[in-house]
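[1] no sequence on this one, just coordinates:
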Ligand SMILES: NC(=O)c1ccc[n+]([C@@H]2O[C@H](COP(=O)([O-])OP(=O)(O)OC[C@H]3O[C@@H](n4cnc5c(N)ncnc54)[C@H](O)[C@@H]3O)[C@@H](O)[C@H]2O)c1
């Protein structure tokens, strides 16, 4: 299988490993609008291999008939146009999340991709991890009875939080809002656990902390608080679009630093999700409450605890240590992508972004959003 990768930034490095997962897997072309990223990638990750074709325009890469599959990891607003071109050329597609950033693009994507016969995999790496597969297995086994309600949260470490203000992600026009950019994973996991469609969404959130009162210098390196600030980032990543010296307080941004989302699913199941950029460490926790028991999962501890109601007992599942690449999810997604059978999961990507955009509308307008009205084509 010959693979072309589009968008050679920070995320692309996860897909440079694709050839490690199959003997007939080759990366034969890279595309980026920025030549220096192509130079860096070929030198640093492909030992200067000159046989790898380089493109600045994804149309040129798509025109290569010998490229069977494409990975799209360019910025979020470019996803729908690029995936449409890939479908015209009949390629297998791995499309990074979020699949789209606006309601119009989402409809376009739905109309063009839902019946596509070849693989389209959104980059939902978390759903394939052993941890969430275990939670899903217990939910589906019926052991905890009927699913009643679910609560989940995501926290970001200071450096991770600040990184969103140091990249294009800081403006919601570039990603459909922070929830869509970062937490489309979590919204997907929640829908996956309930196996139901969402009916209503409401949300609140804002940016409380990252405002102009905390700093005077736009560059960390020139700031008087350099030694004490928790957001000073020493990362060196030549492929990333982040400016690690930029002060997260002083940039022009409109994203939230915390948000809560409530979802009513079919059958009366409810879910609540909270994201906070203010925590000592990044983590994801999820609790599923059933009529016969409760499942609690902790991503960092890689632990699933089940408490049964009657007879009262507890079962603890220790998943292996937290693996690199989203707890092993990156590798699982790569392996699924190169699997010969076709697998179109674009619906899940569309649903997750539809919930995120509905939540964004709810947050901005202070109203409850009916999903059947907001994204009627999904019902
Ligand atoms: N699945 C995950 O867990 C995960 C993790 C990180 C990022 N992502 C997603 O991956 C995507 C890329 O994120 P990133 O952090 O690597 O961003 P990035 O800014 O580091 O990289 C994007 C690259 O795309 C290039 N680019 C811009 N427009 C292009 C175009 N029209 N054609 C080709 N290349 C173009 C840029 O020059 C840049 O090199 C985003 O959609 C992001 O949400 C997913």
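    In hand now; what should we look at? Worth saying up front: this structure is predicted, and the values here are computed from it rather than measured. Residues are numbered from 1 along each chain as shown.

[2] residue 53 and residue 61: what is the separation?
    8 Å (CB to CB, to the nearest Å). Bear in mind the C-beta positions are built from the backbone N, C-alpha and C, glycine included.

[3] how many neighbouring residues does the residue of the stretch 151-300 of the chain found nearest the ligand have?
    Using CB to the nearest ligand atom, the point where the stretch 151-300 of the chain gets nearest to the ligand is residue 241, with a distance of 3.2 Å. Neighbourhood size, residue 241 [other CB atoms under 10 Å]: 14.

[4] report the contact partners of it.
    Taking CB atoms under 8 Å, 6 or more residues apart in numbering as the criterion, residue 241 is in contact with 9, 10, 167, 168.

[5] apply 6 Å and report the result again.
    By CB atoms under 6 Å, 6 or more residues apart in numbering, residue 241 lies in contact with 9, 167.

[6] give me the nearest residue to residue 370, chain neighbours excluded.
    In space, and not counting its chain neighbours, residue 370 is closest to residue 200: 5.9 Å by CB to CB, 6 or more residues apart in numbering.

[7] okay, and the beta partners of the one you found?
    Beta-bridge pairing of residue 200 under DSSP bridges involves residue 264, residue 370.

[8] so it touches residue 265, yeah?
    No. Under the contact definition of CB atoms under 6 Å, residue 200 does not touch residue 265, with a separation of 9.0 Å.

[9] which one's more surrounded, the two?
    When residue 200 and residue 265 are compared for neighbours, residue 265 comes out ahead with 22 against 18, by other CB under 10 Å.

[10] what sits against the more buried one?
    With contacts taken as CB under 6 Å, 6+ apart, residue 265 has the following neighbours: 194, 196, 198.

[11] so residue 53 and residue 61 - more neighbours on which side?
    residue 61 (25 against 15).

[12] name the element the more buried one belongs to?
    Element membership of residue 61, judged by DSSP states H and E, is helix 58-62.

[13] which strands and helices sit next to that helix?
    Secondary-structure packing of helix 58-62 (3 or more CB pairs under 6 Å, 6 or more residues apart in numbering; DSSP states H and E): strand 26-31.

[14] mind running it again at 7 Å?
    Taking 3 or more CB pairs under 7 Å, 6 or more residues apart in numbering; DSSP states H and E as contact, the helices and strands that helix 58-62 lies on are strand 2-6, strand 26-31, helix 79-88.

[15] can you say which of these is nearest to residue 260?
    Closest to residue 260 of those, according to CB to CB: helix 79-88, at 26.6 Å.
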